[in-house]
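Asks: Got a sequence here, can you build the structure:
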Amino acid sequence: MKKQPEITKKTRQALINVFCELYSQKPVEKITVQEIANKSGYNRSTFYQYFTDVYDLLSFIENDILDYIREKVKNTEQADAKSKDILLLFEEKELYLTALLGDYGNIHFTDKLKNEFFSDGLDHCVPKDSAMTPYLLEFNISTAFSLIRLWQRRQKDLPPDQLFHLIDTLVNSGTSSVK
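Replies: Model prediction:
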């Protein structure tokens, strides 16, 4: 008997959604396959049809998000995707990113995002070929990520354009220029 693709996709997405909800509340080490299965309305054997364990599920989500962002950036009309475009992508995959960048998220995923999508875009903000360059880039990128996380925790109390403007102002001009 062949599985129906729409049911398979729906089942996988239900498992992913429950995992993201749990991962937003506690570390991955505390999440069990049984808990995901129970909350999603499936049994453990269904979970194992899609993923080998919770770490495989986490890896799937991380890779899916990275592939999704790569595809969006590739299809952006501008030669260089602006931070604003990336910020809007964060809204489209909010459930995933809330979990992955949340309090229990994995620092390695954040580093992958920083290295792949953000470090090149800030080259104009720091001196080239300086021993300080990696530190300045890390400061700027980490600050932007921290503000995005805060924005998510505060239920997006600023419009995305205003948050982008704040990040851009802080990176380019510092805190004294914020009004």
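Asks: What's the local residue count around residue 169?
Replies: Each residue near residue 169 was counted by other Cβ atoms under 10 Å, and the total is 14. C-beta: built from backbone N, CA, C; applies to glycine.
Asks: Spell out the secondary structure type for residue 105.
Replies: Classification of residue 105 by DSSP: H, G, I helix; E, B strand; the rest coil places it in coil.
Asks: again with residue 156
Replies: Look at residue 156: counting by three-state DSSP, its state is coil.
Asks: And it, what's its pLDDT?
Replies: Among the per-residue scores, residue 156 holds a pLDDT of 84.
Asks: Mind picking out the helix or strand in the protein with the poorest mean pLDDT?
Replies: Of the helices and strands making up the chain, the lowest-confidence element is helix 83-92, at a mean of 63, by mean pLDDT, DSSP states H and E.
Asks: Which elements pack onto the helix or strand just after that one?
Replies: Later in the chain than helix 83-92, the nearest helix or strand by DSSP states H and E is helix 94-100. Helices and strands touching helix 94-100, by 3 or more Cβ pairs under 8 Å, 6 or more residues apart in numbering; DSSP states H and E, are helix 5-23, helix 54-74, helix 133-153.
Asks: how close does residue 12 get to residue 5?
Replies: Counting by Cβ to Cβ, to the nearest Å, the gap from residue 12 to residue 5 is 11 Å.
Asks: okay, those two: which has more neighbours?
Replies: Ranked by neighbour count (other Cβ under 10 Å), residue 12 and residue 5 place residue 12 first, with 17 against 8.
Asks: From what I see, that one and residue 50 are in contact.
Replies: Yes - under the criterion of Cβ atoms under 8 Å, residue 12 is in contact with residue 50, at a separation of 5.2 Å.
Asks: wouldn't residue 57 be in contact with residue 51 here?
Replies: Yes - applying Cβ under 8 Å as the test, residue 57 and residue 51 come out as touching, 4.3 Å apart.
Asks: how close does residue 147 get to residue 64?
Replies: 24 Å.
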